[in-house]
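Q: Dropping a prediction and its sequence here:
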Amino acid sequence: MSSPSAVSDVRLVENKAQLVEHLETGNKPDRTTWRIGSEHEKFIFHREGYGPLSYEGDAEKPGIRDVLQAFVDIGWNPVEEGGNLIAATRNNASITLEPGGQFELSGAMLENIHQTCDETSTHLREAREIGEKLDIGFLGLGFHPTLKREDVPVMPKARYDIMRSYMPKRGSMGLDMMLRTCTVQVNLDFASEADMIEKFRIALALQPLATALFANSPLREGRPNGFKSLRSHVWTDTDPDRCGTLPFVFDSSMGFERWVDHVLDVPMYFVRRDGRYIDASGQSFRDFMNGRLPALPGEVPTLEDWKDHMTTLFPEVRLKTFLEMRGADGGPWSRLCALPALWVGLLYDTEAQDAARQLTKSWSADDVAQMRDDVPKMGLMTEIHGRDFAALAKEVLTIADKGLRNRARLSSSGETEQGFLNSLWESAESGMTPADQILHKLNGVWGGDATRVFDALSY
């Protein structure tokens, strides 16, 4: 989940046109200015007993605060809220806390995937070194493999208190989303409104395939849960106002203004004032613009309030002044570099983007919704028009590979970005996702012991 920006935009919102104009600032006609922003979350656990870390810790075991402080001690800059260390920043990247103590790296906006993967690798090497000192581990999965919801420690962040109170009013699994899931995502630029629309439609259409390729959450409370991606399933009953596949994106009315209308229709969570989070859950941003917000009567919003509100929508693809791809489970090291490679390959090269558009243009919003419904359980066995995802994945990866080859962004050793797709090719060719591999080991060499996942798959 996004954290507040360091610099607040205090311009008052006087009309809807300003909100549309804000989105239009994301247009980047010069593709040489396009950047890649990668994000990933991971669980932290005590190596002895595999239990979670509380925020404070105790005399015998470190807490999440100690982990953040360890990053500060090696050069990250501390961020506090209410006297609590809750984040750290360095080189335009940030480490933030999710509600259940999941650690998120939000990377800088970088020029190529070599850079994003170097950034991720540097962070994970630092995490591993800190883990050795504190006797903790970091685990990339889409859903916590052993903890019950009530056993997850809650982090001291005010916005999460508001969300934890509101979530159960909208769905049965919102608290699971907050406390027991991890994801990996990538943020990408667009050239114009028309380019945004095309990218948005391709991304929504292919997001179920990404969910299948990255499926990595087959366990819950120590047992198989019946899903390849339980994390993906959780989102289907979190909050219907702010989640889903957004069928209107495929309509002729889609554009920046249509997106603004959608965001305005989504109930609010909170408003920030003077470092405090004010509960505005269920209230209307439209009322806020008219000075009638019950939480702040007589006040009108700033553009920073609008930016905050946009972060509280959780669809499969999210539009800000860039596009966020949100359909993948957290996973192993190689997959953290593979996700940006997949979407950059599809959407940052003209030839590849056109091929992806041609592939998906006949799929209806209902088709996309059906794939979205099927994929959490079916994984690569999901079908579209009689074709299974394993076969579709090979075609999509061929397109992405061509896009990365055409980009010709080379590493210092002269390699293209194509190699970052290798782990996805392995899944497409074998039909085995990370979830399938976990279940295979659980039923084999792990002897049914789900705790083996901590030692086997930690970073």
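A: Perfect, thanks for sending it. Numbers count the residues shown, from 1 in each chain.
Q: for the spatially closest residue to residue 48 that is not a sequence neighbour, phi and psi?
A: Take residue 48 and drop its neighbours on the chain: the residue closest to it by CB to CB, 6 or more residues apart in numbering is residue 135, 6.7 Å away. Every C-beta, even on glycine, is put in place using the N, C-alpha and C of the backbone. Taking degrees, to the nearest 10, you get phi 60, psi 50 for the backbone angles of residue 135.
Q: again with the one 5 residues further on
A: Geometry field for residue 140 lists phi and psi as phi -100, psi 100, criterion degrees, to the nearest 10.
Q: same thing with residue 85?
A: Main-chain torsions, residue 85, degrees, to the nearest 10: phi -70, psi 120.
Q: Also residue 318?
A: phi -120, psi 140.
Q: Bridge partners for it, pull those for me.
A: Note on residue 318: beta-bridge partners by DSSP bridges are residue 324.
Q: Please tell me how far it sits from residue 287.
A: Noted for residue 318: a distance of 23 Å to residue 287, by CB to CB, to the nearest Å.
Q: and those two? which has more neighbours close in?
A: residue 318 (23 against 15; other CB atoms under 10 Å).
Q: Against residue 266, how distant is that one?
A: Applying CB to CB, the value for residue 318 to residue 266 is 11 Å.
Q: With residue 71 instead?
A: Noted for residue 71: a distance of 34 Å to residue 266, by CB to CB.
Q: Which one's more surrounded, these two?
A: When residue 71 and residue 266 are compared for neighbours, residue 71 comes out ahead with 22 against 18, by other CB under 10 Å.
Q: Going by secondary structure, that one is in what exactly?
A: helix 64-73 (DSSP states H and E).
Q: C-terminal to that helix, what's the next element?
A: Once the chain leaves helix 64-73, the next helix or strand it forms, by DSSP H and E, is strand 77-81.
Q: Only alpha carbons, please: show that following strand as CSV.
A: The C-alpha trace of strand 77-81 is given here as CSV (Å, rounded to 0.1, in the frame of the first residue of the first chain):
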residue,chain,number,x,y,z
ASN,A,77,16.7,7.5,6.5
PRO,A,78,14.1,7.1,9.3
VAL,A,79,10.5,8.0,8.9
GLU,A,80,8.3,8.3,12.1
GLU,A,81,4.6,8.5,12.8
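Q: Just want the angle from it to helix 64-73.
A: Angle of strand 77-81 versus helix 64-73, following axes from the mean of the first three to the mean of the last three CA atoms, to 10 degrees, is 150 degrees.
Q: what's the spacing between strand 77-81 and its chain's center?
A: For strand 77-81, the separation from the chain centroid amounts to 22 Å (computed by CA atoms, centre = their mean, to the nearest Å).
Q: Equivalent analysis for stretch 288-299, please.
A: 31 Å.
Q: Give me the buried stretch members for that stretch, please.
A: Buried residues in stretch 288-299, counting neighbours by 16 or more other CB atoms under 10 Å, are found at 288, 289, 293, 295, 296.
Q: shaky segments in this protein?
A: When residues are selected by pLDDT under 70, those of the chain lie in 1-7.
Q: packing partners for the helix or strand harbouring residue 115?
A: Following DSSP H and E, the helix or strand that holds residue 115 is helix 113-134. Helix 113-134 is packed against strand 36-46, helix 64-73, strand 93-97, strand 103-106, strand 136-139, helix 333-347, with contacts defined by 3 or more CB pairs under 8 Å, 6 or more residues apart in numbering; DSSP states H and E.
Q: Could you rerun that using 7 Å?
A: strand 36-46, helix 64-73, strand 136-139, helix 333-347 (3 or more CB pairs under 7 Å, 6 or more residues apart in numbering; DSSP states H and E).
Q: neighbours around residue 15, how many?
A: Based on other CB under 10 Å, the number of other residues close to residue 15 is 9.
Q: Please report the distance of it from residue 132.
A: 55 Å.
Q: now do residue 156
A: 27 Å.
Q: who's more crowded, the two?
A: Ranked by neighbour count (other CB under 10 Å), residue 156 and residue 132 place residue 156 first, with 18 against 11.
Q: from what I can see the residue nearest to residue 48 touches residue 45, true?
A: No: using CB atoms under 7 Å, residue 135 is not in contact with residue 45, being 10.3 Å away.
Q: When the two are compared, which one has more neighbours?
A: More crowded of residue 135 and residue 45, by other CB under 10 Å: residue 45, with 24 against 11.
Q: That one - nearest residue in space that isn't next to it in sequence?
A: Nearest non-adjacent residue to residue 45, counting by CB to CB, 6+ apart: residue 137, 5.3 Å away.
Q: quick one: contacts for that neighbour?
A: 45, 47, 131, 454, 458 (CB atoms under 7 Å, 6 or more residues apart in numbering).
Q: which of those has the most neighbours?
A: Neighbour max across the contacts of residue 137 (other CB under 10 Å) = residue 45, 24 neighbours.
Q: Go ahead and confirm that one touches residue 52.
A: Yes: counting by CB under 7 Å, residue 45 touches residue 52, with 6.2 Å between them.
Q: Tell me, how many residues neighbour residue 414?
A: Counted with other CB under 10 Å, residue 414 comes out at 6.
Q: Please report how far it lies from residue 16.
A: 50 Å.
Q: Run a quick neighbour tally on residue 407.
A: 18.
Q: what's the closest non-adjacent residue to it?
A: In this structure, residue 407 finds its nearest non-sequential neighbour in residue 349, 5.6 Å apart by CB to CB, 6+ apart.
Q: show me what contacts the one you found?
A: Counted by CB under 7 Å, 6+ apart, residue 349 has contacts 403, 406, 407.
Q: same deal with residue 228?
A: Per CB under 7 Å, 6+ apart, neighbours of residue 228: 215, 218, 376, 377, 379, 433, 435.
Q: Selection in PyMOL covering whichever of those are buried, please.
A: Those of those that count as buried under 16+ other CB under 10 Å are selected in PyMOL with:
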select buried, resi 215+218+376+377+379+433+435
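Q: now the contacts of residue 228 in a markdown table, with distance to residue 341 and secondary structure?
A: Shown next, in a markdown table, are the contacts of residue 228 (distance: CB to CB, whole Å; DSSP: H, G, I helix; E, B strand; the rest coil):
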| residue | distance to residue 341 | secondary structure |
| --- | --- | --- |
| 215 | 18 | coil |
| 218 | 24 | coil |
| 376 | 23 | helix |
| 377 | 26 | helix |
| 379 | 20 | helix |
| 433 | 17 | coil |
| 435 | 20 | helix |
